[in-house]
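# Give me a 3D structure for the following:
(chains A and B)
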2 protein chains.
Amino acid sequence: MFDSGVGGLTVLHECLVSHPQENFIYVGDTGRFPYGPRSIDEIRTFAFQIASHLLSLDVKLLIVACNSATAAALPWLQETLDAAIIGAVHPEAEAAVQITRNRRVGVLATEATVASGSYSRALLNLDAGLEVFSQPCPRLASMIQSGDVSSLELVEAVKSYAAPLLEADVDTVILGCTHYPLVTPMLQRIFGRDVTLVNSAREIAREAGEVLERKGIRNHSEEEGRYSFLCTGDVDSFVEVGARFLQMPFENVRNLEISELERTMA
Amino acid sequence: MFDSGVGGLTVLHECLVSHPQENFIYVGDTGRFPYGPRSIDEIRTFAFQIASHLLSLDVKLLIVACNSATAAALPWLQETLDAAIIGAVHPEAEAAVQITRNRRVGVLATEATVASGSYSRALLNLDAGLEVFSQPCPRLASMIQSGDVSSLELVEAVKSYAAPLLEADVDTVILGCTHYPLVTPMLQRIFGRDVTLVNSAREIAREAGEVLERKGIRNHSEEEGRYSFLCTGDVDSFVEVGARFLQMPFENVRNLEISELERTMA
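Coordinates of the predicted model:
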């Protein structure tokens, strides 16, 4: 699986919980983070480089564990590469449609993800009668990434993002960014007990499990799998920030040279 | 759940297998069968009448157990009615995408369903890199409905429909019409052991189960549920033909007057 940085480690965390016998390789493109402000073409190029590198390592399933990369590149990667590839958006959209009882669904996501309309499309494609309320959360991912999960400033920001969704009487809210599960307790407190929060990382892991099972490619070993990490930026800061996202300490992190990735395209 | 006739009883059969504790009401609009040659507007009107009738009976989930009605009316029903509504196409498309390993998927369906493009759209929406091969099977549903599941003529017809898909080297084939599961043994023999047949009735039942579970509306009774049938045409022929589709004898069939349905719209 890959992400532009450390956010996708919440997806890896859920995969390790649900599929502990599988082997995982995680690529964090921290040397070119963030993808948000980049052009679609640039994101596709980066995603293609990383996907090709992972496929050269003989992976059986590729997970795009990043909303920006999913919105910009997933269909294009699927068209271009001969591999099983899944990503964000569809898994959690399906979960939300299945969960909601009043058919009023909220989405918390970055500005770019909301602007792409990918959640609205995926949700309405499954239930054309839903009311979808998408709330961009401009500073949330960067605050969480910087280590803040409890400041008063963060609480106020989250309350202001939640307010329009509460006003709209949603009963289900998609956490549409891999960073947001880190503030789930705060979100659940602000939204209250009657709103179901859909953790996109957990739903991607669930989708991965269905694919492994149905393709008959699940690892049936009884032993715990191995996992390793590649990052294109500084290894020490990846380890430091990443440990909070993965919710465990790491080892097996090595640097992946961007120049090596660029050779893939040659 | 409802269908234009008896075909949806294969969906009921799978639901009774998977969710035996639930209560079901099945409406077969046999008095206005078949929907295939009718206009979109007419199918929407019929679907709306039946859906409204079922909702007036306080159902918790509505299943459009019919491909023609799903293609013509599902999004419109979802937009119009305040209810949880699922249908065909998406559940089996998702299953096929999860199952295929060579990403070459075949679809067997009626001419109208193939022409609507609904399977191609649903499949490519989930994996833009799939190769989808859709095969219209003009006479298959009517032959099966007439009671023929083993004649030489039927075998020859099925072989001719299967040939282009085998030629295309698909590893997964969606049975995209509720009638087709009745000839699964023949299909499996013709396609061989290496092709996975995706039974749309079974996948709809699976989707229904996920929805019941995630909305928290599953019936937790330990007793077997009740099921009853309404049909707008002749009750005796519904019972006679339907028993083959449901794979059990029935009782509790009563006539539903079309004039009663039409009053719903007034």
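# buried ones in stretch A:19-30?
By 16 or more other C-beta atoms under 10 Å in any protein chain shown, the buried positions in stretch A:19-30 come out as A:19, A:22, A:24-30. Yep, even glycine has a C-beta here, placed from its N, CA and C like the rest.
# And the helices in chain A, which stretches?
Applying DSSP state H to chain A gives helices spanning A:9-18, A:40-56, A:67-80, A:90-99, A:111-116, A:118-126, A:140-145, A:152-167, A:184-191, A:200-214, A:235-246, A:258-264.
# what comes into contact with the worst-scoring helix or strand of chain A on mean pLDDT?
Lowest by mean pLDDT, DSSP states H and E among the helices and strands of chain A is helix A:258-264, with a mean of 87. Helix A:258-264 is contacted from outside by A:31-32, A:46, A:48-50, A:52-53, A:56, A:232, using C-beta atoms under 8 Å, 6 or more residues apart in numbering or on different chains.
# next one: it to chain centre, how far?
On the basis of C-alpha atoms, centre = their mean, to the nearest Å, helix A:258-264 sits 24 Å off its chain's mean C-alpha point.
# again with stretch A:221-237
Using C-alpha atoms, centre = their mean, the offset of stretch A:221-237 from its chain centre is 17 Å.
# What is the end-to-end distance of that stretch?
33 Å (C-alpha to C-alpha, to the nearest Å).
# repeat for stretch A:186-197
Stretch A:186-197 has its terminal residues 11 Å apart, counting by C-alpha to C-alpha.
# Mind listing what's buried along it?
Buried-residue list, stretch A:186-197, by 16+ other C-beta under 10 Å: A:186-187, A:190-191, A:195-197.
# What of stretch A:214-224?
For stretch A:214-224, a neighbour-count test (16+ other C-beta under 10 Å) marks A:214-215 as buried.
# Please state the mean pLDDT value computed over that stretch.
When pLDDT is averaged over stretch A:214-224, the result is 95.
# confidence score at residue A:266?
Looking at residue A:266, its pLDDT is 52.
# Then residue A:248?
On pLDDT, residue A:248 comes in at 82.
# That one: neighbour count?
Look at residue A:248: counted by other C-beta atoms under 10 Å in any protein chain shown, it has 11 neighbours.
# cool, residue A:245 as well?
Close neighbours of residue A:245, defined as other C-beta under 10 Å, add up to 25.
# got it, and the one 4 residues further on?
Around residue A:249 sit 8 other residues, with neighbours defined as other C-beta under 10 Å.
# my guess is it meets residue A:243, correct?
Yes: taking C-beta atoms under 8 Å as the definition, residue A:249 is a contact partner of residue A:243 at 5.5 Å.
# Tell me where the stretch 51-200 of chain A is predicted with low confidence.
Of all residues in the stretch 51-200 of chain A, none has pLDDT under 70.
# how about the residues of it that lie near chain B?
Contact residues, the stretch 51-200 of chain A versus chain B (C-beta under 8 Å from any C-beta of the partner chain): A:74-82, A:84-85, A:90, A:94-95, A:98-101, A:103, A:125-130.
# Count the residues that sit near residue A:118.
By other C-beta under 10 Å, 25 other residues sit near residue A:118.
# if I read this right, it contacts residue A:69, doesn't it?
No: Residue A:118 is beyond contact range of residue A:69, at 11.6 Å (criterion: C-beta under 8 Å).
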